[in-house]
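Participant: Mind looking at a prediction? Sequence and model below.
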Amino acid sequence: MKLTELIKNLTPLKINGKSDIGINKIEYDSRKVTQNDVFVAIRGYKTDGHKYIEQAVKNGAAAVIAEEHTENIKACEIIVDNTRRALSLAAATYYGEPAKKMKLIGVTGTNGKTTTTYLVKSVLEFTGHKVGLIGTNQNMIGNKVIPTEHTTPESLELQKLFADMVSEGAEYCIMEVSSHSLCLDRVYGIPFYIGAFTNLTQDHLDFHKTMDEYAKAKSILFTMCERAVVNADDDYVKTIIGNADCKIVKYGIDKKCDICAKNIKYNQRGVLFEVDTPFGNENIRLDIPGRFSVYNALCAIGICQGTGIGISDIAKALVLAKGVKGRAEVVNIPTDYTVMIDYAHTPDGLENIIKTVKGFAKGRVITVFGCGGDRDSAKRPKMGKIAGDLSDFCVVTSDNPRTEDPEAILKDILEGMKDVKADFTAICDRTDAIEYAMRHAKANDVIILAGKGHETYQILKDKTIHYDEREIVRDILAKINSEA
Ligand SMILES: CC(=O)N[C@H]1[C@@H](OP(=O)(O)OP(=O)(O)OC[C@H]2O[C@@H](n3ccc(=O)[nH]c3=O)[C@H](O)[C@@H]2O)O[C@H](CO)[C@@H](O)[C@@H]1O[C@H](C)C(=O)N[C@@H](C)C(=O)N[C@H](CCC(=O)O)C(=O)O
Ligand SMILES: Nc1ncnc2c1ncn2[C@@H]1O[C@H](COP(=O)(O)OP(=O)(O)OP(=O)(O)O)[C@@H](O)[C@H]1O
Ligand SMILES: N[C@H](CCC[C@H](N)C(=O)O)C(=O)O
Ligand SMILES: [Mg+2]
């Protein structure tokens, strides 16, 4: 591709050097640059990509997109005011504007994004469509799984993924849009057909600092879509759609809205309810338990109706929809107590899953949980308080301590547990903590292993180790049985 073509949608402040040259590919990491690439220099949180311009040119960069001029540079220099945005726009051009060739649906919110995207994928597939999915657990094109490290990938990888989806015939792409991705312009310039909002509760304040800033970040999605589907019961909904200039469809249980659930029945297996929509009413059954599952189903219904699918097909597809790995997932073991793996890692998520299990457990609810290192530390005592007040017993433990001291994270959690109702203990090693819970479980108890969900790793200071709670639970059970 010609550099002039690649930058056609940018508004350069200055171009230094010859831009009528052939280029190979785009890179934003100087270490990956090879002959005739375009290097995009990004000012990051850990370092500044402008420091690596010289290295990128040495590695063969024919052009550099940057926010400032470099003296004596031996490559064409495109100066722009925002390189993250330039990266997103140039990547879209490089891959042939793939987002415009599919109907793109973005889901944002603190909790429920992954679950909702899977529900939407199931409904779209039930009605015969080929669907791409992007999110926390994995990316998918139809049934093909593509591993991922981020909930929402960097723009360059995102545009490549869109292009792969288009070339494999996907008509829709349903994706999670994290607040980080909105702030860091990973989705800049992308035309969303539908944007959806699940809810906003505390998380990621290490990054956003305040809830208002966090809400503002989420609201960006609703300036980029043709249609919005939003949770009317959420306290932040006004901020979220404050700048929206599109059709807005509201869903909820408590407030009067376009799509509402009534006569809700909860059981251990899932939820049953009636839904009223502008396009008809229907009975809905979803085999994922909890009030939050009603919200996720309503959000999915709003999105799918926006694509023109009838409510009766949506209802039929939701009955068949399977749960998502690591979300209220019951481990299949022959014990008289239950072990459930769940991804609750925020105060609200933890409260929801414990209350849900409390609603059906015939025995006690034992919660094993921790909090991630290098993440919002203000949520730690709050999660301690919630788990301690709502469970019958808690084991506080580690969940991806990353660069932090695991014991110090436990201490932060325990700060919130000074006068909680439940008994609790703290065991830093997660496997020992799970073993403790399993050895103390009685008939009909439910052990919730919260926080790791689908993850099959534990991130420690110096390394990431394989860590799959399904395997851990089975190994512990074998050990306990061998002692009998
Ligand atoms: C805060 C954050 O999101 N940071 C992301 C960001 O890093 P950054 O811009 O600060 O990059 P940096 O490390 O300072 O480097 C600056 C630039 O110099 C370049 N560089 C660096 C070294 C070198 O030798 N040469 C070079 O060119 C880097 O490639 C980069 O372009 O851009 C990087 C590249 O895309 C991301 O990998 C990185 O994600 C970090 C690792 C991260 O942990 N992000 C998490 C918090 C995140 O994004 N989470 C959300 C939500 C999760 C959820 O709730 O589900 C997600 O969407 O996954
Ligand atoms: N609508 C909801 N409201 C509140 N809590 C929810 C909701 N849906 C799911 N949860 C709880 O939050 C956990 C995470 O759900 P899910 O993975 O769907 O959210 P997410 O928004 O994708 O999270 P992440 O930000 O990590 O990607 C679940 O395991 C469950 O305990
Ligand atoms: N994807 C989210 C949740 C991770 C959940 C938990 N396992 C943790 O590590 O904190 C994040 O990176 O903040
Ligand atoms: Mg997710």
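Facilitator: Looks like it came in fine. In this text the structure is predicted, and so the values were computed from the model without any measurement. Ligands and ions are numbered 1, 2, ... in the order given.
Participant: Kindly tell me how buried the closest residue to Phe222 other than its chain neighbours is, as a neighbour count.
Facilitator: Distances taken as C-beta to C-beta, 6 or more residues apart in numbering place Ala244 nearest to Phe222, at 3.9 Å, with adjacent residues excluded. Bear in mind the C-beta positions are built from the backbone N, C-alpha and C, glycine included. By the criterion of other C-beta atoms under 10 Å, Ala244 has 19 neighbours.
Participant: Just say helix, strand or coil for Ala244.
Facilitator: coil (DSSP: H, G, I helix; E, B strand; the rest coil).
Participant: do Thr335 as well
Facilitator: Going by three-state DSSP: Thr335 is coil.
Participant: Kindly report the residues of the stretch 201-350 of the chain close to ligand 3.
Facilitator: Within reach of ligand 3 by C-beta under 6 Å from any ligand atom, the stretch 201-350 of the chain has these residues: His345.
Participant: Indicate the residue of the stretch 201-350 of the chain located nearest to ligand 1.
Facilitator: Phe207 (6.1 Å; C-beta to the nearest ligand atom).
Participant: Same question for the chain.
Facilitator: Distance from ligand 1 to each residue of the chain (C-beta to the nearest ligand atom) is smallest for Gly44, at 2.1 Å.
Participant: Up against ligand 4, what does this structure have?
Facilitator: Residues of the chain lying near ligand 4 by C-beta under 5 Å from the ion: Lys113, Thr114, Thr136, Glu176.
Participant: hmm, back to that, excluding its backbone neighbours, what's nearest the residue of the stretch 201-350 of the chain closest to ligand 1?
Facilitator: Nearest-residue entry for Phe207: His180, 6.4 Å, with adjacent residues in sequence omitted and distances by C-beta to C-beta, 6+ apart.
Participant: if we can go back for a sec, among the residues of the chain next to ligand 4, name the ones in strands.
Facilitator: Within the residues of the chain next to ligand 4, residues falling in strands by DSSP state E are Glu176.
Participant: Give me the subset of the residues of the chain next to ligand 4 that also touch ligand 1.
Facilitator: Checking the residues of the chain next to ligand 4 against ligand 1 (C-beta under 6 Å from any ligand atom), the matches are Thr136.
Participant: Next step: the residues of the chain next to ligand 4 restricted to helices.
Facilitator: Under the assignment DSSP state H, the residues of the chain next to ligand 4 contribute Lys113, Thr114 to helices.
Participant: re earlier: what about the helix or strand encompassing the residue nearest to Phe207 and ligand 1, touching?
Facilitator: Per DSSP states H and E, His180 falls inside helix 179-183. Yes - judged by C-beta under 6 Å from any ligand atom, helix 179-183 comes into contact with ligand 1 at His180, Ser181.
Participant: and that helix, which residues are buried?
Facilitator: By neighbour count on 16 or more other C-beta atoms under 10 Å, the buried set for helix 179-183 is Ser179, Ser181, Leu182, Cys183.
Participant: what's the nearest residue to the first one if we skip its chain neighbours?
Facilitator: Counting by C-beta to C-beta, 6+ apart, the nearest residue to Ser179 once its immediate chain neighbours are dropped is Ala217, at 4.2 Å.
Participant: and what of the third one?
Facilitator: Distance criterion C-beta to C-beta, 6+ apart; nearest residue to Leu182, sequence neighbours excluded, is Ile220 at 4.4 Å.
Participant: residues near Lys51, how many?
Facilitator: 11.
Participant: Contacts only, for the residue nearest to Ser179.
Facilitator: Ser179, Leu182, Cys183, His208 (C-beta atoms under 8 Å, 6 or more residues apart in numbering).
Participant: Which of these sits closest to Gln35?
Facilitator: Cys183 (33.5 Å; C-beta to C-beta).
Participant: Just the pLDDT for the closest one.
Facilitator: Note for Cys183: predicted pLDDT of 97.
Participant: One more: Ala484?
Facilitator: 82.
Participant: any idea how far it is from Val319?
Facilitator: Distance, Ala484 to Val319, by C-beta to C-beta, to the nearest Å: 41 Å.
Participant: And the contacts of Ala217, which two are furthest apart?
Facilitator: Among those, Leu182 and His208 lie farthest apart (C-beta to C-beta), at 10.4 Å.
Participant: pretty sure His208 is touching Lys218, no?
Facilitator: No - using C-beta atoms under 8 Å, His208 is not in contact with Lys218, being 9.5 Å away.
Participant: These two - which one has more neighbours?
Facilitator: Taking other C-beta under 10 Å, His208 and Lys218 do not tie; Lys218 has more neighbours (26 against 19).
Participant: sec struct for that one, please.
Facilitator: helix.
Participant: Leaving out sequence neighbours, find the closest residue to it.
Facilitator: Using C-beta to C-beta, 6+ apart, the nearest residue to Lys218 is Thr108, at 5.0 Å.
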